[in-house]
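K.L.:
Sharing a model prediction with you, sequence too.
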Amino acid sequence: MALPLHPLIDGGLPLEKGDPNFPGGTLRCHCAGHKVEVTLGGNVLHNHACGCSKCWKPAGAVFAVIAVIPVGQVAVTANEDKLHVVDESAAIQRHACRECGVHMYGRIEKDHPFKGFDFVHVELSDDKGWQEPQFAGFVSSILEQGYDPAKMGAVRAKLRSAGLETYDVLAPALMDAIAAWTAETSQSRL
Ligand SMILES: [Zn+2]
Ligand SMILES: [Zn+2]
């Protein structure tokens, strides 16, 4: 059964590992010309497949592939005037190309456990060596977007065959980081 999830994952094989010494590279939007370019000054962290409805994904994909990188390593290097924020009320301000719709980077401006990191899609780069996806998050969320519940077992099996453990929120290390941040920033410590 063909079960397209995302072009990076659909090979059905364990994903090729990234290069720990990778120096970064350039993301480009999908426009034919005058592409928006974002240059990343290092490798990404916590790259993962995401089943939520907010992350940008290529046509036909069920999952997004999204990572974070420190804000200081992100620079818009061409055609910045084509960017706009998709939803000003969202915690993550997703800066997308107004012409092709691709999300170039997402930035958090308010207090948040991931403030200081931008969200990016390394598939927008032709450079090789980016960290490979580490896990699949928000897997059950694909059902909220109309995915067939009968296929969930096959979806999870396919993600695992690519080496991605599946979670319905984020992987434990990230959930721990969020909870620790919440404790640190709350008024009443136990
Ligand atoms: Zn574009
Ligand atoms: Zn997402």
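P.N.:
Done, it's in. Residues are numbered from 1 along each chain as shown. Ligands and ions are numbered 1, 2, ... in the order given.

K.L.:
all helices of this protein, in order?
P.N.:
Assigned by DSSP state H, the helices in the chain fall at 141-144, 152-161, 172-185.

K.L.:
Show me how far the shortest one is from its chain's centre.
P.N.:
With C-alpha atoms, centre = their mean, to the nearest Å as the basis, the distance from the averaged C-alpha position of helix 141-144 to the chain average is 17 Å.

K.L.:
Can we start the residue count at 14 from this point?
P.N.:
That works, and once the first residue is 14, the last one we named lands at helix 154-157.

K.L.:
Within range of ligand 2, give me the residues from this structure.
P.N.:
Near ligand 2, the residues belonging to the chain are C63, C65, C68 when assessed by C-beta under 5 Å from the ion. C-beta here means a position set from N, CA and C on the backbone, and glycine is covered the same way.

K.L.:
How about residues contacting the lowest-mean-pLDDT helix or strand in the chain?
P.N.:
Comparing every helix and strand of the chain by mean pLDDT, DSSP states H and E singles out helix 185-198 as the least confident one, with a mean of 93. Helix 185-198 is contacted from outside by H59, D124, P126, V182, L183, R202, using C-beta atoms under 8 Å, 6 or more residues apart in numbering.

K.L.:
shaky segments in this structure?
P.N.:
14, 25, 200-203 (pLDDT under 70).

K.L.:
Give me the residue at the spatial middle of it.
P.N.:
Residue closest to the mean C-alpha point of the chain, counted by C-alpha atoms, centre = their mean, is I79 at 1.2 Å.

K.L.:
can you pull up the bridge partners for that one?
P.N.:
Taking DSSP bridges as the rule, I79 bridges to H61.

K.L.:
was I right about it contacting E136?
P.N.:
No - using C-beta atoms under 8 Å, I79 is not in contact with E136; the gap is 9.6 Å.

K.L.:
Excluding chain neighbours, what is closest to D23?
P.N.:
P17 (5.7 Å; C-beta to C-beta, 6 or more residues apart in numbering).
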